[in-house]
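[1] Could you look at this predicted model? Sequence included:
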Amino acid sequence: MRGVGQSLNSDNMTLTIYYFSLSKREQEDIEMIFEIARIHLKNILEHNRIVRSTFFDNLTGAYTRQVGMEVIGKIFESIKRGQRKGYLVFIDIDDLKKYNDKYGHQKGDELLKNISQVILSNIRKNDILVRYGGDEFILYIDSSSPENVIKRISQMSEVKFSYGMVNLEEFTTLQEAIQSADMKMYEFKNSSKLAIKYYTNT
């Protein structure tokens, strides 16, 4: 004798039961179990969403500043103990404010999302990308040739950016390393503007 199939559906799950016969009480019990399971799944998905929004920036997919800097802080401690090596890169999107003023913040958000996705697709699992501020990112690179990583990102990204890079082994504190990378980023940005100005005036 062939069984009969009955499906119970919700937004995130489907339960199909095959049976030869079911009493009304049995069917009510199954529906109650399914409702309990649906509520539990909804709570799990909401918990995962909250956890993800705590760890990762919703727009860019990079670590949030608080969590990301804690992760890099632990890496920096390992570097100071001689257990790891690595570089810190301070990245700033060029002229994002002007772009927002001209095209709107939605278009500006698309730029941030674009560059973050390019970075994330060109770094290894040991590397860390943090959204440090509105248009600023901090990137930890666990590599002996970080210049190649930045070059690859620059070639693939449609978004222009300035950056400063430092070797974390050379610093006593992580804050000193960030400040130095930030200063190098501004030197890079200013030198690029001077180069453009010189080029357009000749």
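    It's in.
[2] okay, CA-based contacts and neighbour counts for the rest of this
    OK.
[3] most centrally placed residue in this structure?
    What sits nearest the mean C-alpha location of the chain, by C-alpha atoms, centre = their mean, is residue 62, with 1.6 Å.
[4] From residue 131, how far out is that one?
    6 Å (C-alpha to C-alpha, to the nearest Å).
[5] tell me the secondary structure for the closest residue to residue 119 other than its chain neighbours?
    Sequence neighbours aside, residue 153 is the residue nearest to residue 119 in space, at 5.9 Å (criterion: C-alpha to C-alpha, 6 or more residues apart in numbering). Assigned with DSSP: H, G, I helix; E, B strand; the rest coil, residue 153 falls in the helix class.
[6] If I look at residue 153, what pLDDT would I see?
    We have a pLDDT of 95 for residue 153.
[7] ok, it - how many residues close by?
    21 (other C-alpha atoms under 10 Å).
[8] so residue 126 sits right up against residue 143, yeah?
    No: in this structure, residue 126 is not within contact of residue 143 by C-alpha atoms under 8 Å, at 9.1 Å.
[9] quick revisit: residues contacting the residue nearest to residue 119?
    Shown in contact with residue 153 (C-alpha atoms under 8 Å, 6 or more residues apart in numbering): 118-119, 122.
[10] picking up where we left off before, residue 126 and residue 143: which is more packed in?
    residue 143 (16 against 9).
[11] now the more buried one, nearest residue through space, not along the chain?
    residue 86 (6.1 Å).
[12] how near is the nearest residue in space to residue 133 that is not next to it in sequence to residue 23?
    Closest residue to residue 133 apart from its sequence neighbours, by C-alpha to C-alpha, 6+ apart: residue 65 at 7.6 Å. In this view, residue 65 and residue 23 are 56 Å apart by C-alpha to C-alpha.
[13] For those two, indicate the residue with more neighbours.
    With neighbours defined as other C-alpha under 10 Å, residue 65 and residue 23 compare such that residue 65 has more, 20 against 8.
[14] Return the residues in contact with residue 107.
    Applying C-alpha under 8 Å, 6+ apart, the residues near residue 107 are 99-100.
[15] Give me the pLDDT for it.
    pLDDT recorded at residue 107 is 90.
[16] now swap in residue 7 and tell me
    59.
[17] coming back round to it: which among the contacts of residue 153 end up buried?
    Among those, those scoring as buried are 118-119 (criterion: 16 or more other C-alpha atoms under 10 Å).
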